[in-house]
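Engineer: model this:
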Amino acid sequence: MDRPTDPRALGDLAADYWLAVLETDPLLATQIGDHRFADRLADGTAEGIAMIRAGRETLLAQTAAIDPGACDPEARITLSVLREALVSDLAGLDTGLRDWNVDVLDGIPTMFLDVPDYQRLETPADGSDMVARWRAMAGATDVHAATLRRSATDGRVACAAPVRRTIDMLGGLLAQPDEVWSLLEPLGRVEDLKGWSNAERAGFATGLRDAVTDGVRPAFTRLHDLLLDEILPAARPDDRPGMGHVAGGENGYCALIRVHTSLDLAPEDLHRTGLAEIARIDTELRELAGRTIGATTLEGALAALRTDRSLHFTTRDELHAAAQTGLERANAAVPDWFGRLPVAPCEVVPMPSHEEEHSTIAYYRSPAVDGSRPGQFYLNLAHPETRPRYELEALTYHESVPGHHLQIAIGQELPLTAEFRRHLGTTAFFEGWGLYTERLADEMGLYSGDLDRIGVLSYDAWRAARLVVDTGMHALGWTRRQAIDFMLAHTALAPNNIVNEVDRYIGLPGQALAYKTGQLEMLRLRVEARERLGGAFDIRSFHDALLGNGAVPLPTLSAIVEAWVAERIARA
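Structural biologist: Numbers count the residues shown, from 1 in each chain. This is a model prediction of the structure:
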């Protein structure tokens, strides 16, 4: 039965969409603290993907029956965000990327090995859910392998670099005994839990071990052998890393630009924006390096920043402690810059050992909405001698406070009627905010000195370089080596970090474009608002306006800020 063209139907559509997201992405549900689907994994079969597509298409058609003009302001935002989410979901499916892509950061096996970090284990029922989900991992791994094999037969295959990384990761994992795998870590927790009988504890332990020993390990072995024996020999070489070298990849990449930025942008325009930003930042970095370390050229500055051992950490503990200190400093300063603050705290967490060799330098995991887990800033502590001291503060503020944690935790706690808006959103908002706060932290007085401001510039160049190298590889025919060399020439990132980053862009096409795109839009909105409001501009109120509706698409954000400015002008 068709829904009426009544804005009241929007609440039902928003609820239907959120339930569909949780049902089709059970790991996301568990991460945010919804445990209804904790016994299952996503259905990655062709039939499962077709069902997801059909459901999203139905919901999108139903949103078209709702007149935005009949909605109140909040409902109008919900309608805009819902339509963009559905369009993005469908565009992501249509790229076909999941059919052939090999992603060492977010794909199998990393995705499964991370689950123990956030899956609840308190009651025997939780234990049953965990055993059932662990058992499902073998089948899901085999589905992924079969999809890769099928795609390879029609010529759609990943680039060799992420395939090699995943082979190395799986090889290292399979060389270890089951007992040290993260998937069996819950066995050490169950003994301290109350309300379990001895039989329930024994049954849980047996079930979890059997799921790993008889299911996951053999499936990971089969995936490893497939990647080594079939996919790697057929993989695209490093001089053809981009989506443009895969059938349908050119259109797929353009679709992913829209998915991650919420804007219809041409790769060539993004590439030019990146080059212009790099030229600006190069000048700033050269001038600041001359004042701080005496370098007279950009090349000399970058070489000194990479090779001076005194500018790098020496131990894991030292690196972890510095991040903790930065977080504490930021927590003390934010009330002067934000009216709304989150209830959920944030903590610094060492990145798991199975990730650190092949992962980026850090990432953030949102709090559980039931309060069982805080926001978590995961920090890569591997090879501390390669981690520059001058970048650590910018990294901390980006990932925790006032960056991702502040924005995401506030979003989860907003009194919005549409639940999906508290958790989902446009990549350019999430990552644009994180990058925006790296410079905001300087306004807040959080940086220790000019060396740390060099880290801000290096990180800004890093995100500008992403516009250049991501579009370069996926749309303009760049090689992997070109991308690495460009980042070496324009950022102070360590070479091992740059290689990891470039391989990340190969495996996540388009995602890297979100940072600069979002940051530049937020800076533009702030400048325009300040110019129009003059002395009536208040930074706390502006930030509350930016964060007060969740991670909305950038066109919706522009409309929100315009309404905020108009309201303040009318009030004045």
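
Engineer: Now for the residue lying closest to G248 once chain neighbours are set aside, how many residues are close by?
Structural biologist: Nearest non-adjacent residue to G248, counting by Cβ to Cβ, 6 or more residues apart in numbering: G96, 6.1 Å away. Heads up, the C-betas are built off the backbone N, CA and C, glycines and all. With neighbours defined by other Cβ atoms under 10 Å, the count for G96 comes to 19.

Engineer: got the phi/psi numbers for G96?
Structural biologist: Dihedral angles of G96 (phi, psi; degrees, to the nearest 10) stand at phi 70, psi 10.

Engineer: Check the secondary structure at S448 for me.
Structural biologist: coil (DSSP: H, G, I helix; E, B strand; the rest coil).

Engineer: what helix or strand is the closest residue in space to it that isn't next to it in sequence on?
Structural biologist: Take S448 and drop its neighbours on the chain: the residue closest to it by Cβ to Cβ, 6+ apart is E393, 6.6 Å away. In the assignment (DSSP states H and E), E393 maps to helix 389-399.

Engineer: could you dump that helix to PDB, C-alpha only?
Structural biologist: Taking C-alpha atoms only, helix 389-399 is exported to PDB below (Å, rounded to 0.1, in the frame of the first residue of the first chain):
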ATOM      1  CA  ARG A 389      56.300  14.200  18.100                       C
ATOM      2  CA  TYR A 390      55.200  17.300  16.100                       C
ATOM      3  CA  GLU A 391      52.200  15.500  14.500                       C
ATOM      4  CA  LEU A 392      50.800  13.800  17.600                       C
ATOM      5  CA  GLU A 393      48.800  16.700  18.900                       C
ATOM      6  CA  ALA A 394      47.100  17.400  15.600                       C
ATOM      7  CA  LEU A 395      46.300  13.700  15.300                       C
ATOM      8  CA  THR A 396      44.900  13.600  18.900                       C
ATOM      9  CA  TYR A 397      42.600  16.600  18.400                       C
ATOM     10  CA  HIS A 398      41.400  15.200  15.000                       C
ATOM     11  CA  GLU A 399      40.500  11.800  16.400                       C
END
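
Engineer: Residues contacting it, please?
Structural biologist: With contacts defined as Cβ atoms under 8 Å, 6 or more residues apart in numbering, helix 389-399 is touched by 305, 311-313, 319, 322-323, 326-327, 330, 348, 361-364, 377, 379, 403-405, 434-435, 437-438, 441, 446-448, 451-452, 454-456, 458-459, 492-493.

Engineer: Tell me which of those residues fall in strands.
Structural biologist: Using DSSP state E, the members of these that fall in strands are 348, 362-364, 377, 379.

Engineer: which of those lies closest to W564?
Structural biologist: The nearest member of the ones in strands among the contacts of helix 389-399 to W564, counting by Cβ to Cβ, is Y364 at 26.6 Å.

Engineer: Any idea what the closest one is bridged to?
Structural biologist: Y364 has these beta-bridge partners by DSSP bridges: F377.

Engineer: Hmm, M351 and it touching each other?
Structural biologist: No: in this structure, Y364 is not within contact of M351 by Cβ atoms under 8 Å, at 11.5 Å.

Engineer: what residues are shared contacts of those two?
Structural biologist: Y378.

Engineer: got the contact list for R40?
Structural biologist: By Cβ under 8 Å, 6+ apart, the contact list for R40 reads 26, 132-133, 136.

Engineer: 10 Å instead, please
Structural biologist: Counting by Cβ atoms under 10 Å, 6 or more residues apart in numbering, R40 touches 23, 26-27, 29-30, 129, 132-133, 136, 140.

Engineer: From those residues, pick the one nearest A512.
Structural biologist: Nearest to A512 among those, with distances taken as Cβ to Cβ, is L27, at 22.9 Å.

Engineer: And that closest one, which helix or strand is it part of?
Structural biologist: Going by DSSP H and E, L27 is part of helix 26-31.

Engineer: other SSEs contacting the helix or strand just after that helix?
Structural biologist: Note on helix 26-31: by DSSP H and E, the next helix or strand toward the C-terminus is helix 46-63. Judged by 3 or more Cβ pairs under 10 Å, 6 or more residues apart in numbering; DSSP states H and E, helix 46-63 is in contact with helix 9-24, helix 73-94, helix 97-100, helix 124-153.

Engineer: between those, which one is nearest to R540?
Structural biologist: helix 73-94 (21.2 Å).

Engineer: List the buried residues of that closest one.
Structural biologist: Neighbour-count burial for helix 73-94, counted by 16 or more other Cβ atoms under 10 Å, picks out 75-93.

Engineer: Give me the angle between that helix and helix 9-24.
Structural biologist: Here the directions of helix 73-94 and helix 9-24 differ by 40 degrees (axes from the mean of the first three to the mean of the last three Cα atoms, to 10 degrees).

Engineer: quick one: contacts of stretch 452-459?
Structural biologist: The contact list for stretch 452-459, computed with Cβ under 10 Å, 6+ apart, reads 281-289, 291-293, 301-302, 305, 311, 326, 388-395, 397-398, 435, 438-439, 441-442, 446-447, 490-493, 515.

Engineer: Return a PyMOL selection command for the buried portion of those.
Structural biologist: Only the buried entries of the contacts of stretch 452-459 go into this PyMOL selection, using 16+ other Cβ under 10 Å:
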select buried, resi 281+282+285+286+288+289+292+293+301+302+305+311+326+388+389+390+391+392+393+394+395+397+398+435+438+439+441+442+446+447+490+491+492+493+515
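
Engineer: thought L523 was touching T437?
Structural biologist: No: at 11.5 Å, L523 and T437 do not qualify as touching, with contact defined as Cβ atoms under 10 Å.
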